[in-house]
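# Task: produce atomic coordinates for the following.
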Amino acid sequence: MPPANLDRLEPELHVIGQIAGFRGTLGNAFCAFKVVAGPAWDNVAEPSYAESQTQVDYGSGDGDDDPLVWNHPIEAHFFTTTLQGWPRIHFQLFSLDDIGGRHHHGYSVCNVPTTPGHHVIECSVWRPLGTVSEEVASFFLGLNPQLRTTEILFDTAQDERCKITTMSVGVITVSIDVILRNFDFHKVEW
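Got it, this is the predicted structure:
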């Protein structure tokens with residue numbers, strides 16, 4: 001029997017886990033990430049766990065497709081009044097050159113699962129495919145084409161997003177546990 005004061009039992013979503021690492025053809029990499037949600041979602045967790053940057057991993061040096069390990073913590077705790085704007089994790093992938101310069105390599109977005117339990121998510125990383133001259137510069141200088149703004153990735157811009165030609169960069173692996181609380185009191189069943 002649900003309690004009488006349902007308005008005080010807002011649904012809660014806990015996301016706890018780690019950004020495990022990256023598989024691709026980069027010799028070293030790190031990522032910047034952010035857990036984002038719609039305007040009706042209130043994140044009450046420590047902000048540094050929901051938006052941060054991993055350390056750089058250089059791999060073992062045995063080959064270009066060595067898995068890179070980050071094991072960086074990620075945590076978010078949301079209260080909400082609606083299911084619209086369900087949380088997502090946004091990634092941007094970078095590497096360092098020999099003198100410490102930062103090079104952008106790609107983007108990724110993954111949705112937080114809507115079911116409770118442990119989840120291992122593989123988020124495909126991609127970058128825009130440039131013109132022939134941009135791709136030559138990318139090959140020789142490591143200057144990859146970038147988007148002018150990331151709004152096209154994260155907003156509802158399907159008309160514009162489908163016009164982007166992209167290429168795969170690799171996969172970011174995320175291992176998270178999802179905990180749902182008080183959704184059943186509001187007749188939300190999974």
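# Please make it C-alpha for all contacts and neighbour counts, starting now.
OK.
# Give me the residues contacting stretch 94-104.
Outside stretch 94-104, the residues that touch it by CA atoms under 8 Å, 6 or more residues apart in numbering are 26, 28-32, 56, 92-93, 105-106, 142-144, 146.
# make it 10 Å
Applying CA atoms under 10 Å, 6 or more residues apart in numbering, the external contacts of stretch 94-104 come out as 26-32, 56-58, 92-93, 105-107, 127, 142-146.
# Can you flag which of those belong to helices?
Per DSSP state H, helices hold no members of the contacts of stretch 94-104.
# Narrow those to those that are buried.
For those, a burial check counting by 16 or more other CA atoms under 10 Å picks out 26-31, 56-58, 92-93, 105-107, 127, 142, 144-145.
# can you pull out the strands in this protein?
Counting by DSSP state E, the chain has strands at residues 12-24, 30-36, 41-43, 51-53, 68-80, 88-96, 102-111, 117-128, 166-181.
# What average pLDDT does the first one get?
Along strand 12-24, the predicted local confidence has a mean pLDDT of 96.
# Check stretch 149-163 too.
Mean per-residue pLDDT for stretch 149-163: 66.
# who are the neighbours in contact with the residue nearest to Phe33 when sequence neighbours are not counted?
Computed as CA to CA, 6 or more residues apart in numbering, the closest residue to Phe33 that is not its neighbour in sequence is Phe91, at 4.5 Å. Counting by CA under 10 Å, 6+ apart, Phe91 touches 31-35, 51, 53, 106-110, 123, 125, 172.
# who does Phe91 bridge with?
Phe91 has these beta-bridge partners by DSSP bridges: Phe33, Ser108.
# and the gap between Asp97 and Gly142?
9 Å (CA to CA, to the nearest Å).
# same question but for Leu13, I mixed them up
Counting by CA to CA - Leu13 and Gly142 are separated by 40 Å.
# go on, Glu122?
Per CA to CA, Glu122 is found 25 Å from Gly142.
# do the same with Phe91
Counting by CA to CA, the separation of Phe91 from Gly142 is 19 Å.
# what does the model give Val174 for pLDDT?
At Val174, the pLDDT recorded in the model is 98.
# Could you do Ser108 as well?
Confidence at Ser108, expressed as pLDDT, is 93.
# do Pro128 as well
84.
# Next: Thr114.
pLDDT, Thr114: 95.
# ok, it - contacts?
Counting by CA under 10 Å, 6+ apart, Thr114 touches Leu13, Leu83, Trp86, Pro87, Val178, Ile179, Leu180, Trp190.
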